[in-house]
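# Here is a sequence together with a model predicted from it:
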Amino acid sequence: MSLARWAMLCVPLIVLLGFLSGRSVASGDENPWYQALVKPALTPPGWVFPVAWTTLYIMLGLALATILNARGARGRGVAVALFAAQFALNLAWTPLFFGAHQVSTALLVIVAMLLLSIATTFAFRRIRKGAAWLMLPYLIWLGFAGVLNWGILRLNPDAETLVPGARTSQVIG
């Protein structure tokens, strides 16, 4: 398959999975629990998150497509496995934070996601430097998201019990 074909597969798939994760529970300003939290001063307005994540998911899809297109490249399997592992954590974060209200566990997930994403970026760099560059904004955003998560945890020590956990899904139900 050509890079364009891989991109036509990967980009919509990554964006769709990210969208489904984000819509699996009420998130952002749609979530009464989140609205009740004290947020760090550097928290951007709510509209920034879907714009940033959509852009990042497109870039992730392009990075993955670039690596998948590198048939026969040494380390390709490891790079794809690292990408899958960090992306699985990415998809788990929103339901964990916004749905289960597990702020401290969500912070650990972001740290693990960031470490795996750094490893992914280095693995991508060995195969295609362009794919690694596409990962850079994601790494920066994950660091920022980790700072926000930590700030919410610090400012809201009772966050996990502030409001009963959501029991329904917006996607199913």
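Cool, got the structure. Numbering: from 1, shown residues only.
# Now stretch 96-111: buried residues?
Residues 96-99, 101-103, 106-107, 109-110 are the ones in stretch 96-111 that count as buried (16 or more other CB atoms under 10 Å). The way it works is simple: take the backbone N, C-alpha and C, and place the C-beta from them, glycine included.
# same deal with stretch 74-81?
Buried-residue list, stretch 74-81, by 16+ other CB under 10 Å: 76, 79-80.
# now those as JSON lines including distance to V15?
Listed next are the buried residues of stretch 74-81 as JSON lines, based on distance: CB to CB, whole Å:
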{"residue": "R76", "distance to V15": "23"}
{"residue": "A79", "distance to V15": "20"}
{"residue": "V80", "distance to V15": "18"}
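# sorry, back to before: wait, which of the buried residues of stretch 96-111 is closest to W133?
The shortest approach to W133 among the buried residues of stretch 96-111 belongs to I110, at 22.0 Å (CB to CB).
# Settle this for me: the closest one is touching A145, isn't it.
Yes - applying CB atoms under 8 Å, one finds I110 in contact with A145, separated by 5.9 Å.
# Next step: the buried residues of stretch 96-111 restricted to strands.
If you go by DSSP state E, the buried residues of stretch 96-111 have nothing in strands.
# Mind checking which of the residues you listed land in helices?
If you go by DSSP state H, these have 103, 106-107, 109-110 in helices.
# which residues of the protein fall in helices?
With DSSP H, the ranges of helices along the chain come out as 3-23, 32-36, 48-68, 76-94, 103-127, 129-155.
# among those helices, which is nearest L162?
Nearest of those to L162, taken as CB to CB: helix 32-36 at 5.7 Å.
# what's the distance between the closest one and the middle of its chain?
21 Å (CA atoms, centre = their mean, to the nearest Å).
# what's the model's confidence in it, averaged?
The average pLDDT within helix 32-36 is 93.
# what do you get for stretch 123-138?
Here the average pLDDT along stretch 123-138 is 98.
# Nearest residue to the middle of the chain?
What sits nearest the mean C-alpha location of the chain, by CA atoms, centre = their mean, is N90, with 3.6 Å.
# do you know how far that residue is from L82?
Separation of N90 from L82 (CB to CB, to the nearest Å) stands at 13 Å.
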